[in-house]
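>>> sequence first, then the predicted structure, then my questions.
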Amino acid sequence: MINYRAGLAVLATLSAAACAAPGTTPATVPSGCAPAEVRWSAPTTEPRLTRVTLSERPEDLAGRDVLNEPFAPSITGVTAPADWTGMLATSLGAETGTKVETGPAQLPDGGYSFPMGSADVPGIPQSLFYEGVTSLSAEFTVSCATPVTGVFTTWTTIEVGGLQCGSFTPPEDPLGRLARVHCPATPAPLPSGYIDAIPFDEPTPF
């Protein structure tokens, strides 16, 4: 992943807007400066949970939130006009060939349910429903009279899923693995080489 703090420090000689010291207000984009020409660092992506709901029992359909962190595009390192979000998203989308979102991450309206089956361990009946995004982040430099640098963070996809806390098998998807840490308990890992043998009836002698 990009070390944003170090990267901005390197570019601080180009513009005081690149990075603000802790406890200080970031510099403001100069009047008349627009992100028409943007240079980007190598973008990074990562899964990011936005909401996790815990159900204590199968009949507990509503559950309760154990994580609720709404996600929206942001610009850090410099105070930029509101319309920079859309312009930077367009530029970064062209740079990466990816559809880059400009608004808050929000699921489309509709019901969501997942056939999660029963828990492998009856003593761990809890289940989780989770939502999250794939975030996209990159450092930018805008060519103005005084170059302006900062970091633009947005998202590209939103996903939902569900899991049983009492399942021996951890989720395969990255968001599911992140969500599983919110389970009150999970089973101990199975021994290496463990095979869940299915008994067969012995043949009936003639």
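Nice, thanks for sending it over.
>>> for the residue nearest the centre of the chain, which residues count as its bridge partners?
The chain has residue 48 as the residue nearest its centroid, 1.6 Å off, counting by CA atoms, centre = their mean. Per DSSP bridges, the residues bridged to residue 48 are residue 133.
>>> next: residue 75.
residue 152.
>>> so who does the residue nearest to the centre of the chain touch?
With contact set as CB atoms under 8 Å, 6 or more residues apart in numbering, residue 48 has these partners: 71, 132-135, 155. Every residue, glycine included, has its C-beta placed from N, CA and C.
>>> most neighbours among these, please name it.
Greatest neighbour count in the contacts of residue 48, by other CB atoms under 10 Å, goes to residue 132: 27 neighbours.
>>> can you tell me which residues contact it?
47-51, 158-159, 175, 178-179.
>>> wait, doesn't residue 73 sit right on residue 89?
Yes: at 6.7 Å, residue 73 counts as touching residue 89 under the criterion of CB atoms under 8 Å.
>>> name the residues contacting each of these two.
Common neighbours of residue 73 and residue 89, using CB under 8 Å, 6+ apart, are 101-102, 152, 154.
>>> can you pull out the low-pLDDT segments for the protein?
The chain contains residues with pLDDT under 70 at 1-24, 110-118, 192-206.
>>> next structured bit after the one helix or strand residue 162 maps to?
Using DSSP states H and E, residue 162 sits within strand 148-164. Where DSSP H and E defines the elements, the next helix or strand beyond strand 148-164 is helix 174-180.
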